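1. Here is the input, now give the coordinates:
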Amino acid sequence: MQSVDHLSRRTFIGAALAATGRAAVGPVGLPSDASASEAGVADDSAAAAQVALAAVRQNAGIHRARQIGLALLDPTAAQIEHGLALHADSLVFDVYGFAPRAALDGDALRTLIEQGGSDAEVGDLREEMSMTRCVTDAAERAEFLQAWKAAGVTCIFQNAGEEGQDPLTLLKRLARFTYVTDMLRDSVSKAATPDDIVAAHQQNRACLYFTGNGVPLTQQWVSLPDELRYLRIFFQLGIRMMHLTYQRRNMIGDGCAEPGNAGLSDFGRFVVSEMNRTGVIVDVAHSGWRTSLEAAQVSERPMVASHTTCTALHRHIRSKPDDVIKAIADTGGLVGICCISRFLGGRGDINALLDHVDHVAQKFGVDHVAFGTDVAYTSRNAGAENKKIPRRQRARTPWRSLWPADPFKVPADAAESIAWTNWPLFTIGLVQRGYTDDQIRQIIGGNMLRVARAALSTT
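-> Okay, here's the model as predicted:
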């Protein structure tokens, strides 16, 4: 199977940006008259760049998103060149996100539906296909690897646990991504420690670091230790971060959609302590403001809100106010700014995304901010496959998704400007805004790597 390092990250990203026509770049994203020694690439880099350039030009979605993002940023050629080289050479860590998603097998899903498959069966098959067909289907594998190359991301803190507390539910998604990283290990491997992430970067590979959207609970309520006996098992299976809550209230605390904003429970305090002890990072991205604040006040390890925004710039239930951000920063942790337009507010585009990064960096320090995109690339084959799937009756809103109506209207092109494959533009935007190279390396990867090391420092 083709490895991500078949074409160097710098070569691919340089060619991808060159395809937009925004800058005169050579095969590695440096000025076209740069020597091979300056570029630091092999003699065949020019040929490899042409292969990469052709691949990007064939992907209209990635190409269009690049053009939209660059038009909104309007960087100079020098800023493009500098940001491109910096991004390609840096360890890039998406602090919460999703590996590129495959198209479904529309025929197989239609057959299941026509045979009377239950909602649960259909839902499981849809998710399994989108997460694992990169292994079983050559065309989907090509899309999968192309998106990784375009993004130039070293590691994703991968959502590998469905929303909730039931261990069997949480196990399914973890199994799927374990399978992907087992089968595609030469391209995208599983990282068990921060050192594995560093090694992947050094070897021009990509990797996944696993997070779960819930703390596994027995829900028998025999005793505190008994209730959390699956926590260490999931840690041993590779989970390194967990949400305390999702949108709604659970026994740990209030989710962000609970109007009561009741905060962390006594049990929740024990959960935070056990997560600290076990080596699992506490994540309050979907928790209510008071739950988030109180979790930070009791955590003895750096913790995060992995994919959120700043209430000071746009009030949304998924945002965090300054007192919560400060409390998280005081743990040594960070907030990851997400690529969801309605959470960002304003124009909801790449400039709004960078405004939120600026707010955290300027008020709380560059050590405490990162990008947690919360978005994924979806295969170009998805549209054709989806047309094969029969329409089903509208289902009730899932429990986890109950939250207030959101009147925000996403402006045209805003979401495309912050597409997952536009990661190199985030770095270019930071260059535009005057961050130093060292600061940018922290924001795009170093800060999360530091928090990950701190979580495992006593385990």
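2. how about residue 161, secondary structure?
-> Using DSSP: H, G, I helix; E, B strand; the rest coil, the secondary structure recorded for residue 161 is coil.
3. is it true that it touches residue 240?
-> No: checked against CB atoms under 8 Å, the pair residue 161 and residue 240 is beyond contact range at 11.1 Å. Just so you know, the C-beta spots here come from the backbone N, C-alpha and C atoms, and that holds for glycine as well.
4. any residues in contact with both of these two?
-> Any residue near both residue 161 and residue 240 by CB atoms under 8 Å, 6 or more residues apart in numbering counts here, and that gives 210, 211.
5. Compare these two and say which is more crowded by neighbours.
-> The neighbour count for residue 161 versus residue 240, taken as other CB atoms under 10 Å, is higher for residue 161 (27 against 22).
6. tell me which residues form a beta bridge with the closest residue to that one other than its chain neighbours?
-> Once flanking residues are discounted, residue 161 sits nearest to residue 212: 2.7 Å by CB to CB, 6 or more residues apart in numbering. With DSSP bridges as the criterion, the beta-bridge partners of residue 212 are residue 242.
7. In contact with residue 212, which residues?
-> Contact partners of residue 212, counting by CB under 8 Å, 6+ apart, are 159, 160, 161, 170, 173, 174, 234, 239, 241, 242, 243.
8. okay, those in a markdown table with distance to residue 112 and pLDDT next?
-> Rendered in a markdown table, the data for the contacts of residue 212 read as follows (distance: CB to CB, whole Å; pLDDT from 0 to 100):
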| residue | distance to residue 112 | pLDDT |
| --- | --- | --- |
| 159 | 24 | 97 |
| 160 | 24 | 95 |
| 161 | 24 | 90 |
| 170 | 24 | 95 |
| 173 | 19 | 96 |
| 174 | 23 | 97 |
| 234 | 29 | 97 |
| 239 | 29 | 98 |
| 241 | 33 | 98 |
| 242 | 31 | 98 |
| 243 | 30 | 97 |
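9. Among those, which one sits closest to residue 120?
-> Ranked by distance to residue 120 (CB to CB), these are led by residue 173 at 14.4 Å.
10. That closest one against residue 127, yeah?
-> Yes: the pair formed by residue 173 and residue 127 meets the contact definition of CB under 8 Å, at 7.2 Å.
11. where along the stretch 101-250 of the chain do the helices fall?
-> For the stretch 101-250 of the chain, the helices identified by DSSP state H, counting those that start in this stretch occupy 106-114, 119-136, 138-151, 167-183, 194-202, 224-227, 229-236, in order along the chain.
12. How far away from the center of its chain is the host helix or strand of residue 354?
-> When secondary structure is defined by DSSP states H and E, residue 354 falls within helix 350-364. In terms of CA atoms, centre = their mean, to the nearest Å, the gap separating the centre of helix 350-364 from the centre of its chain is 18 Å.
13. Helix, strand, or coil at residue 314?
-> Counting by three-state DSSP, the backbone at residue 314 sits in coil.
14. Determine the number of other residues adjacent to it.
-> By the measure other CB under 10 Å, the count of residues near residue 314 is 18.
15. and it, how far is that from residue 412?
-> 19 Å (CB to CB, to the nearest Å).
16. Please look at residue 287 and residue 245 and confirm they touch.
-> Yes: the criterion here is CB under 8 Å, and residue 287 meets it with residue 245 at 4.7 Å.
17. re earlier: could you point out which of the helices of the stretch 101-250 of the chain sits nearest residue 83?
-> With distances scored as CB to CB, the stretch of the helices of the stretch 101-250 of the chain nearest to residue 83 is helix 138-151 (14.1 Å).
18. mind listing what's buried in that closest one?
-> Burial within helix 138-151, assessed by neighbour count using 16 or more other CB atoms under 10 Å, is assigned to 140, 141, 143, 144, 145, 146, 147, 148, 149, 150, 151.
19. Those into TSV, with extra columns for pLDDT and distance to residue 353?
-> Formatted as TSV, these follow (pLDDT from 0 to 100; distance: CB to CB, whole Å):
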residue	pLDDT	distance to residue 353
140	97	28
141	97	30
143	94	25
144	96	24
145	94	26
146	93	23
147	95	19
148	95	21
149	92	22
150	93	18
151	95	15
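20. Just give the nearest non-adjacent residue to residue 211, would you?
-> Distances taken as CB to CB, 6+ apart place residue 241 nearest to residue 211, at 3.9 Å, with adjacent residues excluded.
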